[in-house]
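Undergrad: Sequence unavailable; structure follows:
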């Protein structure tokens, strides 16, 4: 879309060459990039002509960096620098470990380590792993997973057909009580199908492949990473966007928070999880 407009060369900034378009000429383009810069931009300290300020840049991978000043959308080659530019964002490197088996359903897989941080519930899919859920805990993982097991076996969570998941298809066996709205009809159905639902839940837990990352226990870091992973999955093509549960309560980055760049390192292919993620 950016290449379909006519960019104007800035003549008043010979010491900072760049191109620009005005908001009133391209309102849709401006709105699109304003959202991208706000949600995925990287803040750098920019100094020129004796003045310094924080500027948020967006790097879409097309060879340019983009930023907004008032009602002007600007761009320049992404490797071009002028003045003093210092990256003021935080960078966090994450090493994902796994796959582990679900506690009490490990089979031949190793048990989940007693770490605190973030985790992924995945299933085997096309020489890699398809992500179903990202979550976090500030308690030891096995302790948190015992709670998840109780919720599965009591009908609280969605229960899916594990065989269908491994083919990239979301097929619900049970919609769960997780919304908190337990109608009499829903409770009656659960009790009628309890054996079937619990059997499917056990197979789902047996089929899960768990990955964990130790990233500390700072609440907002954990919340933002969980939200960023799930948000990124929702933007992926099928089946990666189809498998995760809808309606998760997430807490993504606030506008007042400085973006953090997460560098993911994983031993296997985790479909839908980029090596670099802005949270």
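TA: That came in fine, so what should we check first? Because the structure is predicted, anything quoted here is derived from the model rather than measured.

Undergrad: Run through the residues that contact residue 138.
TA: Contact criterion CB atoms under 8 Å, 6 or more residues apart in numbering gives 116, 217, 219, 222 as the residues in contact with residue 138. Glycine gets a C-beta too; all of them are placed from N, C-alpha and C.

Undergrad: same thing with residue 130?
TA: Residues in contact with residue 130 (CB under 8 Å, 6+ apart) are 122, 123, 124, 165, 166, 168, 239, 240, 243, 271, 272.

Undergrad: So which of these are in helices?
TA: Filtering the contacts of residue 130 for membership in helices, criterion DSSP state H, returns residue 165.

Undergrad: Could you single out the nearest of the contacts of residue 130 to residue 139?
TA: The shortest gap between residue 139 and any of the contacts of residue 130 belongs to residue 122, at 21.3 Å (CB to CB).

Undergrad: quick one, what contacts that closest one?
TA: Listed by CB under 8 Å, 6+ apart, the contact set of residue 122 reads 99, 129, 130, 131, 132, 208, 209, 210, 211, 270.

Undergrad: can you list those residues in a markdown table and add distance to residue 276, pLDDT and secondary structure?
TA: Formatted as a markdown table, the entries for the contacts of residue 122 read as follows, by distance: CB to CB, whole Å; pLDDT from 0 to 100; DSSP: H, G, I helix; E, B strand; the rest coil:
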| residue | distance to residue 276 | pLDDT | secondary structure |
| --- | --- | --- | --- |
| 99 | 22 | 98 | strand |
| 129 | 19 | 98 | strand |
| 130 | 20 | 98 | strand |
| 131 | 17 | 98 | strand |
| 132 | 22 | 98 | strand |
| 208 | 26 | 98 | coil |
| 209 | 23 | 98 | strand |
| 210 | 23 | 98 | strand |
| 211 | 18 | 98 | strand |
| 270 | 14 | 97 | strand |
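
Undergrad: number of nearby residues for residue 69?
TA: Neighbour count of residue 69, defined by other CB atoms under 10 Å: 9.

Undergrad: can you check residue 157 too?
TA: Neighbours around residue 157, by other CB under 10 Å: 21.

Undergrad: In three-state terms, label it for me.
TA: coil (DSSP: H, G, I helix; E, B strand; the rest coil).

Undergrad: Could you check how far it is from residue 113?
TA: Here residue 157 is placed at a distance of 23 Å from residue 113 (CB to CB, to the nearest Å).

Undergrad: hang on, the earlier thing: which one of the contacts of residue 138 is nearest residue 44?
TA: Comparing the contacts of residue 138 against residue 44 with CB to CB places residue 222 closest, at 25.8 Å.

Undergrad: Which strand or helix spans the most centrally placed residue in the chain?
TA: Among the residues of the chain, the smallest C-alpha distance to the mean C-alpha position (CA atoms, centre = their mean) belongs to residue 229, namely 1.5 Å. Following DSSP states H and E, the helix or strand that holds residue 229 is helix 219-234.

Undergrad: Packing partners of that helix?
TA: Helix 219-234 makes packing contacts with strand 117-125, strand 128-137, strand 260-265, strand 276-278 when contacts are defined by 3 or more CB pairs under 8 Å, 6 or more residues apart in numbering; DSSP states H and E.

Undergrad: Residue 146 is nearest to which of those strands?
TA: Each of the helices and strands packed on helix 219-234 was checked against residue 146 via CB to CB, and the shortest separation belongs to strand 128-137, namely 11.1 Å.

Undergrad: Just the buried positions in that closest one, please.
TA: 129, 130, 131, 132, 133, 134, 135, 136, 137 (16 or more other CB atoms under 10 Å).
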